[in-house]
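**Student:** Sequence and predicted structure below; questions after.
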Amino acid sequence: MLFASPLVPNNVQHYPRPPTYEFPDLPPADRASFWLLPISIALQQITLAVIGPLPKTSPIRTLLPAIVVPIIIGIGIQATLFCHHLTSPVINFAYGTAAVSITLQGIDILFVIPWRYEIALTEIFKIADKPCPTINPTWKQRFDWAGACFSNPRMLNTPFEPALLKQRREKAARISKSWFLVTRFTRVIIAWVLIDFLLAWCRYDLWFGSATHHMASPDTLFSGALRTALGGSAIWLAVNSEHALCAVIYVGIFGQDHSNWPDLFGIWTEEWYTIAEFWGVAWHGLFRQQFTFLTHTVSSRILRVVIPFLLSGVLHFAGAYMQSRDGVEAMMFLMLQPVGILGQQIIIGAGGVKGRGWGFKSLVWGSTMIWLVASGYGFVETYAKGGMFDIEPIPISFLSLIGAVEGKAWRYGGAMGHIGWY
């Protein structure tokens, strides 16, 4: 699939790299560890179901997490180190990040939250569709409520909900349900077309392919910056469009309140200029609670910046490691972000760009983008080498239908080949 333009001849053939699970030097026995993460999730939900309705003073509230949490951590580490080759690079990455995310969320819910509040967890998490009464709840009510807690990683409608997320919910509530569905469906279509273009580009460019490959583009400063920017855009488009599609399904078909589907990413009308604002406002917050829950235990400003990126680095290392047994550069990208944040704050001041003119804001925004592209090169390169961009996530290529891209219009024949047990 090639982008038809004078820069990319239509007669150039694409030679795909083999998926990660076909690499001969990676042991297939890794697949036997697939069961580790489901066991971790079940163990956390059962533990939460047991202690959830109990008061803080209950001995079980203290003793059970102290026993279970170390086991959960061990299972998460085992899943990350030994489980591999599940199906496609995308699912491998999702499995690795889920192992860390579920582990961190379990530590927070089972160990940290009970000691920050004097009331039962059921009074903290107000989950309307899975209520759990504090008096004589059934086992099913308790277990369903525990599952609902784990399916709410952004902490919507809880005391832990970020202020920015609450503002986005209020903004979504001010528009009608029909208009919400129109805007989200439009967002899915736009993302679909843009992903189609990015797939066409990466098929030709080979995305950090081997330097000895006769089709590989030279790895120059410009091409590296362009690959990094387009790679980050592909991640943004994929995650944002999936969230928008789920919003359309759950609101339009299952009738959920559309205010409970606030934007996943920041939009241009929400001001962000600095590196800190990019991560705090512009980028998605699916794991924000899992990354920040320990910051409440420290008073150092430096540690409050470093800890979330340290945990984020561990999560992304696990995902990349599950793809190709190489996640160091992915982790280093996240570990560099506190350096950029603190350095930028030293230069422009801790107050950021508030009260400054548009010229200064543009300069700061430009420096933020330069920093993210420069530090993100290895991050996107790791994703590309792990096969992340070899997957075609869209079923139909609009560009193929109109003749702008070579290849078949129906794309899932190749993508479905990655789904299965190998």
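**Tutor:** Okay, I see it.
**Student:** what's the offset of the longest helix along the chain from the middle of its chain?
**Tutor:** If you go by DSSP state H, the chain has its longest helix at helix 221-252. Relative to its chain's centre, helix 221-252 lies at 11 Å (C-alpha atoms, centre = their mean, to the nearest Å).
**Student:** Quick one: list the elements packing against that helix.
**Tutor:** Contact here means 3 or more C-beta pairs under 8 Å, 6 or more residues apart in numbering; DSSP states H and E; on that basis helix 221-252 packs against helix 177-205, helix 358-385. C-betas here are computed from N, CA, C, even on glycine.
**Student:** in the stretch 251-400 of the chain, which spans are helices?
**Tutor:** 275-277, 288-292, 301-324, 328-348, 358-385, 398-401 (DSSP state H, counting those that start in this stretch).
**Student:** So which of the ones you listed is nearest residue 202?
**Tutor:** Nearest to residue 202 among these is helix 358-385; the distance by C-beta to C-beta comes to 7.7 Å.
**Student:** what's the angle from the closest one to helix 177-205?
**Tutor:** Angle, helix 358-385 to helix 177-205, by axes from the mean of the first three to the mean of the last three C-alpha atoms, to 10 degrees: 60 degrees.
**Student:** now helix 358-385, how far from the chain's geometric center?
**Tutor:** Offset of helix 358-385 from its chain centre (C-alpha atoms, centre = their mean): 18 Å.
**Student:** again with stretch 348-363
**Tutor:** Averaging C-alpha coordinates over stretch 348-363 and over its chain gives two centres that are 29 Å apart (C-alpha atoms, centre = their mean).
**Student:** what residues are up against the closest residue to residue 328 other than its chain neighbours?
**Tutor:** Nearest non-adjacent residue to residue 328, counting by C-beta to C-beta, 6 or more residues apart in numbering: residue 317, 7.2 Å away. Residue 317 makes contact with 327-328, 330-331, according to C-beta atoms under 8 Å, 6 or more residues apart in numbering.
**Student:** for residue 270, same thing?
**Tutor:** Contacts of residue 270 by C-beta under 8 Å, 6+ apart are 164, 281-282.
**Student:** The same query, at a cut-off of 10 Å, please.
**Tutor:** Contact analysis of residue 270 by C-beta atoms under 10 Å, 6 or more residues apart in numbering lists 164, 167-168, 171, 263, 277, 281-282.
**Student:** Farthest pair within the residues you listed?
**Tutor:** 171 and 277, at 17.9 Å, using C-beta to C-beta across the contacts of residue 270.
**Student:** for stretch 270-289, which positions count as buried?
**Tutor:** Of all the residues in stretch 270-289, those buried under the rule 16 or more other C-beta atoms under 10 Å are 272-285, 287-289.
**Student:** whoops, stretch 38-53 was the one
**Tutor:** Those buried within stretch 38-53 under the rule 16+ other C-beta under 10 Å are 40-41, 43-45, 47-53.
**Student:** ok, of these, which one's closest to residue 410?
**Tutor:** Comparing the buried residues of stretch 38-53 against residue 410 with C-beta to C-beta picks out residue 41 as the nearest, at 34.7 Å.
**Student:** so what's the closest one closest to, chain neighbours aside?
**Tutor:** Counting by C-beta to C-beta, 6+ apart, residue 41 lies nearest to residue 102, which is 5.7 Å off, once chain neighbours are set aside.
**Student:** pLDDT (mean, whole number) over the one helix or strand the one you found maps to?
**Tutor:** Assigned by DSSP states H and E, residue 102 falls within helix 89-107. Mean per-residue pLDDT for helix 89-107: 84.
**Student:** Not counting its neighbours along the chain, what's nearest the spatially most central residue of the chain?
**Tutor:** The chain has residue 286 as the residue nearest its centroid, 6.2 Å off, counting by C-alpha atoms, centre = their mean. The shortest distance from residue 286 to any residue other than its chain neighbours is 5.9 Å, reached at residue 153 (C-beta to C-beta, 6+ apart).
**Student:** any idea whether that neighbour is helix, strand or coil?
**Tutor:** coil (DSSP: H, G, I helix; E, B strand; the rest coil).
**Student:** try the one 5 residues further on
**Tutor:** With three-state DSSP as the basis, the three-state label of residue 158 is coil.
**Student:** For it, give me the pLDDT.
**Tutor:** pLDDT recorded at residue 158 is 86.
**Student:** can you tell me which residues contact the nearest residue to it once chain neighbours are set aside?
**Tutor:** Nearest residue to residue 158, sequence neighbours excluded (C-beta to C-beta, 6+ apart): residue 125, at 5.5 Å. Residue 125 makes contacts with 48, 52, 109, 113, 132, 145-146, 148-149, 152, 155, 157-160, as judged by C-beta under 10 Å, 6+ apart.
**Student:** Dihedrals phi and psi, residue 125?
**Tutor:** Dihedral pair for residue 125: phi -90, psi 100, per degrees, to the nearest 10.
**Student:** State the distance from it to residue 160.
**Tutor:** Distance of residue 125 to residue 160, given as C-beta to C-beta, to the nearest Å: 9 Å.
**Student:** Name the residues contacting each of those two.
**Tutor:** Contact criterion C-beta under 10 Å, 6+ apart; residues shared by residue 125 and residue 160: 113, 152.
**Student:** still on that earlier bit, please verify my assumption that the residue nearest to residue 286 contacts residue 285.
**Tutor:** Yes. Checked against C-beta atoms under 10 Å, the pair residue 153 and residue 285 is within contact range at 9.0 Å.
**Student:** re the thing from before, make TSV out of the contacts of residue 317 and add pLDDT and distance to residue 197.
**Tutor:** Listed next are the contacts of residue 317 as TSV, based on pLDDT from 0 to 100; distance: C-beta to C-beta, whole Å:
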residue	pLDDT	distance to residue 197
327	87	28
328	91	31
330	92	25
331	95	30
